[in-house]
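Asker: sequence plus the predicted model coming up.
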Amino acid sequence: MHYHPEKSPLTPPDGYRINALGHMVPVSHIKPIDLLRDELIDSLFTEARQLRHQLAEFKLRALQRIRDFVDLSAAEYGVNYGAAKGNATLTSFDGRYRLVRAVGEHRIFDERIQAAKEKIAACITKWSDGADAKLIAIVKRSFKVNKQGQIDINEVLALRDLDIDDEEWQEAMRAVSDSIKVSGSSTYLRFYQREADKAYKQLSLDISKL
């Protein structure tokens, strides 16, 4: 029997399981080890989803409390920091703990990056025999797409650090800058604890790093 999710309820009838191909399989036809594996995965996934939900709620609660505190602190001086935005670092009285709220912008290139790329290619062509092989390699690497099929913005922006005294190159770098758009932002919350060597070490909330 084949299971059609679009036509059938999400939960199969009693005594059946849905396999990876969408087939409805009687439980009596499933090996005990496969049932145990399924129950283990389902149980751990349920716990993982609960933990993820708790972490999401904690982040929202923590960011709100930090926002309220920064506003309170600013009010002492009659200043409105606009605490919902910007970075903030809070350190405990004894210096042992540190909270960092960091706001990072998501930057992308618009269609003008193609014009910038053509200008850079024109410079390389003009220099041809005189161009340094390492420079050519750096430029080609900078415009490789990442796993998401996009040009890595940091790689391209690194080209602006190259000390090249050429008007066409400088024009190409201006074209690169003009093609950058801010598509949004994310707010990060990081926790640090001072170690015996006085350096601050981040408290990891990434399960893979625990």
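Answerer: Received, thanks.

Asker: how about the helices of the protein, start to end?
Answerer: According to DSSP state H, the chain carries its helices in the segments 32-75, 112-127, 133-142, 153-157, 167-178.

Asker: now stretch 142-160: mean pLDDT?
Answerer: Throughout stretch 142-160, pLDDT has a mean value of 78.

Asker: longest single strand anywhere in this structure?
Answerer: strand 180-194 (DSSP state E).

Asker: where does pLDDT dip in the protein?
Answerer: 1-10, 78-85, 128-132, 146-149 (pLDDT under 70).

Asker: measure the most far-flung residue of it relative to its centre to Val156 for me?
Answerer: Most distant residue from the mean C-alpha position of the chain: Ser28, 44.3 Å away (C-alpha atoms, centre = their mean). According to C-beta to C-beta, to the nearest Å, Ser28 and Val156 sit 59 Å apart. C-beta here means a position set from N, CA and C on the backbone, and glycine is covered the same way.

Asker: check Ala115 too.
Answerer: In terms of C-beta to C-beta, Ala115 sits 13 Å off from Val156.

Asker: between those two, which is the more surrounded one?
Answerer: Taking other C-beta atoms under 10 Å, Ala115 and Val156 do not tie; Val156 has more neighbours (21 against 14).

Asker: residues near the closest residue to the more buried one other than its chain neighbours, how many?
Answerer: Excluding the flanking residues, the one nearest Val156 by C-beta to C-beta, 6 or more residues apart in numbering is Ser142, at 5.0 Å. Residue neighbour count, defined by other C-beta under 10 Å, stands at 19 for Ser142.

Asker: which ones are touching Ser142?
Answerer: 152, 155-156, 158-159 (C-beta atoms under 8 Å, 6 or more residues apart in numbering).
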